[in-house]
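Trainee: show me how the following folds:
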Amino acid sequence: MAKNKTTETESSVIDFINAVDSEAKRNDAFELVKIMTEITGFEAKMWGPSIIGFGAYHYKYATGHEGDAPLAAFSPRKAATTIYFYLPENQREELFSKLGKYKVSKACIYVKKLADIDIEILKKIILLSIEYTLNLYPSK
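Mentor: Numbers count the residues shown, from 1 in each chain. Okay, here's the model as predicted:
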């Protein structure tokens, strides 16, 4: 079975953020660290070369594939900051209708700048995502 590429590392979150080209993205990244630390109670850790994660859970799919992933995470990428989430479809529409200016995929919110979105709605999305994840994959 293939090894997961995105695992927790000992790399410095501060060094990673400070290496981001855009000052605005760096500032947003430090703000997201603050928000996610407050919500999760966990300190920021690097997951792979470019994801900043908080806490962890263990998942195991019906296929037998299993691994660890961060409870909350984001990555300040060049095109947009990617915020990872995990919510059922029935919770998405109402929350995303109030979020602001963003793009979304099945498990990612893409934000050009934090000023474009409602931070309180983002906090609610992060919290609900963590609750949903822990309900789906409870620790033993």
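
Trainee: and Tyr57, how far is that from Leu134?
Mentor: For Tyr57, the distance to Leu134 equals 6 Å [Cβ to Cβ, to the nearest Å]. For glycine as for every other residue, the C-beta is placed from the backbone atoms N, C-alpha and C.

Trainee: typo on my end, Glu93
Mentor: Counting by Cβ to Cβ, the gap from Glu93 to Leu134 is 23 Å.

Trainee: not counting sequence-adjacent ones, nearest residue to Ser11?
Mentor: Nearest-residue entry for Ser11: Met46, 4.1 Å, with adjacent residues in sequence omitted and distances by Cβ to Cβ, 6 or more residues apart in numbering.

Trainee: can you tell me the centre-most residue of the protein?
Mentor: In the chain, the centroid-proximal residue (Cα atoms, centre = their mean) is Ala73; its distance is 2.2 Å.

Trainee: what is the strand or helix carrying that residue packed up against?
Mentor: Take DSSP states H and E as the rule and Ala73 turns out to sit in strand 72-76. For strand 72-76, the contact count by 3 or more Cβ pairs under 8 Å, 6 or more residues apart in numbering; DSSP states H and E identifies helix 23-40, strand 51-54, strand 81-84, helix 119-136 as packing neighbours.

Trainee: tell me the confidence at the residue lying closest to Phe74 once chain neighbours are set aside?
Mentor: Residue nearest to Phe74 in three dimensions, not counting chain neighbours: Ile83, with 4.6 Å by Cβ to Cβ, 6+ apart. With respect to pLDDT, Ile83 scores 98.
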